[in-house]
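In: I'd like to go over a predicted model; first the sequence, then the structure.
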Amino acid sequence: MGKYNLTEKKEKTPLYRLLINPAMVESLYEKIMAKFIIEKKYRDPNYSAQMMAKELDTNTRYISAIVNLRYQDNYSQMVNEFRIKEAMYILKDPHCEQMTMEDVAKTVGFANRQSFYAAFYKRTGQSPREFRDANVASAKKVLAK
């Protein structure tokens, strides 16, 4: 034994995760995805995990655990991922070229331009404007043919 008495820290699994059975995980995950994919709840900047839990008649710990288990991320990051993917689609569309970055940010659910830019850059490595400039030009070439 060395100078320092170091032991490996055992990772504790929260009790509520042990209480979730696989059928419950699958069922709740499908309901969560329906809220995002069908109802597009991520577009509402005020929609929270608490609101989702209330709508799904569960609690936020289960929402958080299932998002973590199935999406390997936390709720906020999952919401931002949906928002950024839709923003990328809008920014690639030459028909949406007249939209300002503020318009795009609000359309996909960001409360302000700064949080949109930060999340977009974190996900893509470029600003929304750089992304639009690179993609609209190539989309126009395709449409011109």
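Out: Great, that's in hand. Numbers count the residues shown, from 1 in each chain.

In: going on from the lowest-mean-pLDDT helix or strand in the chain, what's the next piece of helix or strand?
Out: Using mean pLDDT, DSSP states H and E, helix 15-18 stands out as the lowest-scoring helix or strand of the chain, at a mean of 60. Past helix 15-18, heading to the C-terminal end, the next element that is a helix or strand (DSSP states H and E) is helix 22-37.

In: In terms of secondary structure, what does that following helix contact?
Out: Here helix 22-37 touches helix 49-55, helix 60-71, helix 75-92, going by 3 or more CB pairs under 8 Å, 6 or more residues apart in numbering; DSSP states H and E. No exception for glycine: its C-beta is placed from N, CA and C like everyone else's.

In: And stretch 124-135, how far out from the chain middle?
Out: For stretch 124-135, the distance between its averaged C-alpha position and the chain's averaged C-alpha position is 18 Å (CA atoms, centre = their mean, to the nearest Å).

In: Could you list the alpha-carbon positions for it in PDB?
Out: The C-alpha coordinates for stretch 124-135 follow below in PDB (Å, rounded to 0.1, in the frame of the first residue of the first chain):
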ATOM      1  CA  THR A 124     -21.800  21.600 -34.900                       C
ATOM      2  CA  GLY A 125     -18.600  23.500 -34.300                       C
ATOM      3  CA  GLN A 126     -19.800  26.400 -36.300                       C
ATOM      4  CA  SER A 127     -22.200  29.300 -35.800                       C
ATOM      5  CA  PRO A 128     -25.700  29.100 -37.200                       C
ATOM      6  CA  ARG A 129     -24.800  31.800 -39.700                       C
ATOM      7  CA  GLU A 130     -21.700  29.900 -40.900                       C
ATOM      8  CA  PHE A 131     -23.800  26.700 -41.200                       C
ATOM      9  CA  ARG A 132     -26.500  28.500 -43.200                       C
ATOM     10  CA  ASP A 133     -24.000  30.200 -45.500                       C
ATOM     11  CA  ALA A 134     -22.300  26.900 -46.300                       C
ATOM     12  CA  ASN A 135     -25.500  24.900 -46.800                       C
END
